[in-house]
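Enquirer: Give me the fold of what follows.
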Amino acid sequence: MAFDVDEWREELESYRERKDEQFETPHSSPLGPDGRREFDGLDYFEPDPHYRVEATVELDESDETVTMATSTDGEQLYERVARLHFEIPDQRGEPTEQTLVGYRRVDQDDGSLFVPFRDKTTGQQTYPGGRYMELHYQGTLEDGFTFTLDFNLAYNPFCAFTEAYECPLPPQENWLEIAIPAGERYEA
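Expert: Numbering: from 1, shown residues only. Model (predicted):
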């Protein structure tokens, strides 16, 4: 089935509207009462289909535990599950090969990968602590499996909005040396 840009854009806008509603709802918002009253929607880069790419899975068989520092000077333990190899445009629009690592919490296998990352927008146009993506799959993850990485869905962790949350910081192996002007923006 061919990729329909218009349908994708409509789905993305709908997702963003639902996320704004989540932030306005007391039981699901990271914002306190004052923050919800002042909230007028999350800030996003313009939707750009060039930042929706296919990534190929290379499983990590090391069984290595990764200790991620957190926003509150703590630590959280994750397993490195897979390397995700993909091409994405650089600032000149030229394709560049990149790799991000997908993790999961130790002793947790819920059919998803956690992909925290930093890029050249971090701390300037996006949250200084990095952004996240979550990838979901069914069954067993295998070498050669492909995921759609849609950086237009990259989001700021809740700790970007309040100190009440402890958020893992992207490890250095997930620091991209290019700008990814897609997904949520951040204004301090």
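Enquirer: pLDDT averaged over the helix ranked longest in the chain, what's the number?
Expert: As assigned by DSSP state H, the longest helix anywhere in the chain is helix 5-24. Helix 5-24 comes out with an average pLDDT of 96.
Enquirer: Give me the contacts around that helix.
Expert: 28-31, 36, 39, 41-42, 44, 47, 49, 52, 152-153, 155 (Cβ atoms under 8 Å, 6 or more residues apart in numbering). Where you see a C-beta, it was placed from the backbone N, CA and C, and this is true even at glycine.
Enquirer: so which of these is the most crowded?
Expert: Greatest neighbour count in the contacts of helix 5-24, by other Cβ atoms under 10 Å, goes to Asn152: 23 neighbours.
Enquirer: From His50, how far out is that one?
Expert: Here Asn152 is placed at a distance of 10 Å from His50 (Cβ to Cβ, to the nearest Å).
Enquirer: What lies in contact with the helix or strand of the chain at the bottom of the mean pLDDT ranking?
Expert: Across the helices and strands of the chain, mean pLDDT, DSSP states H and E gives its lowest value to helix 33-38, namely a mean of 92. Helix 33-38 is contacted by residues Phe23, Glu24, Pro26, Ser29, Phe161, Thr162 when judged by Cβ under 8 Å, 6+ apart.
Enquirer: Now do the domain split for the chain, please.
Expert: As recorded under automatic domain parsing, the domains making up the chain are 1-42, 51-174.
Enquirer: Deepest-packed of these, please.
Expert: The highest mean neighbour count among the domains of the chain, using mean count of other Cβ atoms under 10 Å, belongs to domain 51-174: a mean of 16.
Enquirer: show me where pLDDT drops low in the chain?
Expert: In the predicted model, the chain carries pLDDT under 70 at residues 1.
Enquirer: again, only using 80
Expert: Applying pLDDT under 80 to the chain picks out residues 1-2, 107, 109, 188.
Enquirer: Which residues are in contact with the closest residue to Arg131 other than its chain neighbours?
Expert: Once flanking residues are discounted, Arg131 sits nearest to Ala154: 4.4 Å by Cβ to Cβ, 6 or more residues apart in numbering. Neighbouring residues of Ala154 by Cβ under 8 Å, 6+ apart: Phe117, Arg131, Tyr132, Met133, Ile180, Ala182, Gly183, Glu184.
Enquirer: The last one and Tyr155 touch, don't they?
Expert: Yes. Here Glu184 reaches Tyr155: they are 4.9 Å apart, a contact under Cβ atoms under 8 Å.
Enquirer: overlap in contacts of the two?
Expert: Both Glu184 and Tyr155 are contacted by Arg131, under the criterion Cβ under 8 Å, 6+ apart.
Enquirer: Against Val57, how distant is Phe158?
Expert: For Phe158, the distance to Val57 equals 28 Å [Cβ to Cβ].
Enquirer: longest strand in the protein, by residue count?
Expert: In the chain, taking DSSP state E as the definition, the longest strand is strand 75-89.
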